[in-house]
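Asker: A predicted structure for the sequence below; I have some questions about it.
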Amino acid sequence: MANKDLRDWIKGIQAAGELKVIKGAEPKEEIGGIVDIYQRKMGNPALMFEEVPGYPKSFRVIANILTSVPRINVALGLSPTASEMELVHWWRDYMHKAPSFKPKDVNGGPLLENVQEGKEVNIEKIPTPVWHELDGGPFIGTACMVVMKDPDSGWTNYGCYRIQSQGPAVASIMMSPGKHGGFIMNKYHERGEPCPVAVIAGMHPALFMLAGLEVPYGKSEIEAAGGILGEPVEVFNMPRTGLPVPANAEIAFEGFINPGDKINEGPLGEWTGYYAGGSRPEPAIRIATMMHRDDPILMGAIPAVPPNDNTFYLGTYRCGAVWNQLEAAGIPEVKGVWAHEAGGSRFMLTVAIKQLYGGHAKQAGMVASHCHAGAYCNRWTIVVDDDIDPTNFNDVIWAMCTRCDPREQVDIIHGGWSSALDPMCYDSENDRRNSRVVINACIPFNRKKTFPKIARSSKELDARIRAKWQHELPKGF
Ligand SMILES: Cc1cc2nc3c(=O)[nH]c(=O)nc-3n(C[C@H](O)[C@H](O)[C@H](O)COP(=O)(O)O)c2cc1C
């Protein structure tokens, strides 16, 4: 039986009422403009663009893919109705167990339904949107996987790095310093050799999710993705580079990055909601072979003013990682962690605890804002009691407004780990730092017994009302 693929996921989200089909939008500004509007609110459906003017009628684009908990749930094999915290627990468990399967070589697959080589290669036949008005061009790779093989160890890395279409057989790749793909490319170039590379631009979202996560150096994202799918990923070795790509991918191409061969790239709007810079030279991929399925689907995950598709799913994973790291640091009774989507799932973290002792809340906040999974580009960390749902911002703001004495319960920390993408980082070329705030929005520990009673139904009354009056109650409460 073949692996689950993008089309299976699409069926799953459609059944959950999470897909909208839009016909006739063109890719120079309309597809991006529509996605921009849909991304402004969490929970809007994924968008399938069909009948794109100027392209074969059956070629499609899907975007706004993972901006809802139900759609992430379907990608990971959970029930679409699993809650935010069930999803975060799933990630915690996945990290603890780290299931994996070695990929399985197969000799063909739906990806080979259309193959072009040499002069026939034309990536521009795929409808590829200019995602934001001020972008430097169309980006075929956003929700993509880039495959490279370490020339020494044979380890194959799958990373998500943006890919701009630069002509029929040319694309560019932008790998930030420190990314594994860059390490591998440099090894070839130091030997004066071209770096073989393959790009996949449409696959089961679980594979893309892993490509965008910081899987440790030397570990295989495709094996970890098999762990999510519960089976080995079937791969096909591309004819010129031998690089393994999922055999049921929608679109893939392979080629070479020659030493010193760069082309002007970008900009692309970033996940912080701003442009981080202009256009500059980045490595060019000279494409040798292109393949796609019949009726291919280009998949996009677009960075934008948050909430956005670049960071929301990553945030749900990060919550699990922060939770595990809080526990590893000895913080007891953590009840929830949430990275708010409006902060690009990095700038704002909320941690819920059942307070056990004076100083517990501060300890949780300090560790969350500086543990490995929480530290990068953090700005606000809020600690709340366990009666507050950290995913519900009304609840969190209520706690900040009524349980926090700023004289005692707010700390500003200087010199945190930041990035050039953070518009408020201290401006230093090799030393990007920011200041950040830890807010203890828990009832002060010594006032727990005397704090005013909460003017809301008890859990017991709530349960009685729900049992009898469910049909008259608002949905989702
Ligand atoms: C949608 C999306 C787009 C991304 N774009 C880039 C990019 O253009 N360049 C980059 O260096 N990292 C980008 N990242 C982050 C990397 O994918 C991430 O750091 C990943 O761990 C890189 O793989 P590696 O650890 O094997 O280098 C993106 C992540 C996502 C989810």
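Answerer: Happy to help now that I have it.
Asker: surely Gly415 is in a helix?
Answerer: No: counting by DSSP: H, G, I helix; E, B strand; the rest coil, one finds Gly415 to be strand, located in no helix.
Asker: from now on call the first residue 35
Answerer: With the count now opening at 35, the last piece we talked about shows up as Gly449.
Asker: for it, which non-adjacent residue is spatially closest?
Answerer: Leaving aside its sequence neighbours, Gly449 sits nearest to Arg467 (Cβ to Cβ, 6 or more residues apart in numbering; 4.8 Å). Yep, even glycine has a C-beta here, placed from its N, CA and C like the rest.
Asker: and what of Val122?
Answerer: Cys353 (4.5 Å).
Asker: that neighbour and Met129 touch, don't they?
Answerer: No: using Cβ atoms under 8 Å, Cys353 makes no contact with Met129, being 11.2 Å away.
Asker: looking at the two, which is more packed in?
Answerer: Neighbour totals were compared for Cys353 and Met129, and Cys353 leads with 29 against 15 (other Cβ atoms under 10 Å).
Asker: ok, the more buried one to Glu304 distance?
Answerer: Cys353 is 22 Å from Glu304, where distance means Cβ to Cβ, to the nearest Å.
Asker: cool, Glu375 as well?
Answerer: Here Glu375 is placed at a distance of 15 Å from Glu304 (Cβ to Cβ).
Asker: got it, and Val430?
Answerer: Val430 is 25 Å from Glu304, by Cβ to Cβ.
Asker: now swap in Ser210 and tell me
Answerer: 11 Å.
Asker: the two - which one has more neighbours?
Answerer: In this view Ser210 and Glu304 are compared by other Cβ under 10 Å, and Glu304 has more residues nearby, 22 against 11.
Asker: for that one, report the pLDDT, please.
Answerer: pLDDT, Glu304: 96.
Asker: how about Met35?
Answerer: At Met35, the pLDDT value in this model is 61.
Asker: any idea of the mean pLDDT in the strand or helix carrying Val401?
Answerer: For Val401, the enclosing helix or strand under DSSP states H and E is helix 394-404. If you average the pLDDT over helix 394-404, you get 98.
Asker: give the buried residues for the longest strand belonging to the chain.
Answerer: When the chain is parsed with DSSP state E, its longest strand is strand 314-326. Judged by neighbour count using 16 or more other Cβ atoms under 10 Å, the buried positions of strand 314-326 are 316-319, 321-326.
Asker: return the list of helices and strands in contact with the next helix or strand after that strand.
Answerer: Using DSSP H and E, the helix or strand that follows strand 314-326 in sequence is strand 331-333. If you count contacts as 3 or more Cβ pairs under 8 Å, 6 or more residues apart in numbering; DSSP states H and E, strand 331-333 packs onto helix 40-49, strand 94-97.
Asker: immediately after the shortest one, which helix or strand?
Answerer: Tracing the chain C-terminally past strand 94-97 and defining elements by DSSP H and E, one meets helix 103-110 next.
Asker: give the other helices and strands that that next one contacts.
Answerer: Helices and strands touching helix 103-110, by 3+ Cβ pairs under 8 Å, 6+ apart, are helix 40-49, helix 118-131, helix 239-245, helix 346-362.
Asker: just these: most buried one?
Answerer: Highest mean neighbour count among the helices and strands packed on helix 103-110 (mean count of other Cβ atoms under 10 Å): helix 239-245, with a mean of 25.
Asker: from the chain's centre, how far out is that one? Work that out for me.
Answerer: Computed by Cα atoms, centre = their mean, to the nearest Å, the chain-centroid distance of helix 239-245 equals 8 Å.
Asker: same question for stretch 55-69.
Answerer: 22 Å.
Asker: near the ligand at all, that stretch?
Answerer: No: using Cβ under 6 Å from any ligand atom, stretch 55-69 stays clear of the ligand, coming no nearer than 13.1 Å.
Asker: next one: stretch 342-357
Answerer: Yes: with Cβ under 6 Å from any ligand atom as the criterion, the ligand is reached by stretch 342-357 at 344, 348.
Asker: average pLDDT for that stretch?
Answerer: 97.
Asker: and for stretch 238-257?
Answerer: Mean pLDDT, computed over stretch 238-257, is 93.
Asker: got the buried residues for the helix or strand just after the helix holding Val401?
Answerer: Where DSSP H and E defines the elements, the next helix or strand beyond helix 394-404 is helix 406-409. Neighbour counts over helix 406-409 (16+ other Cβ under 10 Å) mark 407-409 as buried.
Asker: enumerate every residue touching Leu123.
Answerer: One correction, residue 123 is His, not Leu. For His123, the contact set (Cβ atoms under 8 Å, 6 or more residues apart in numbering) comprises Gly354.
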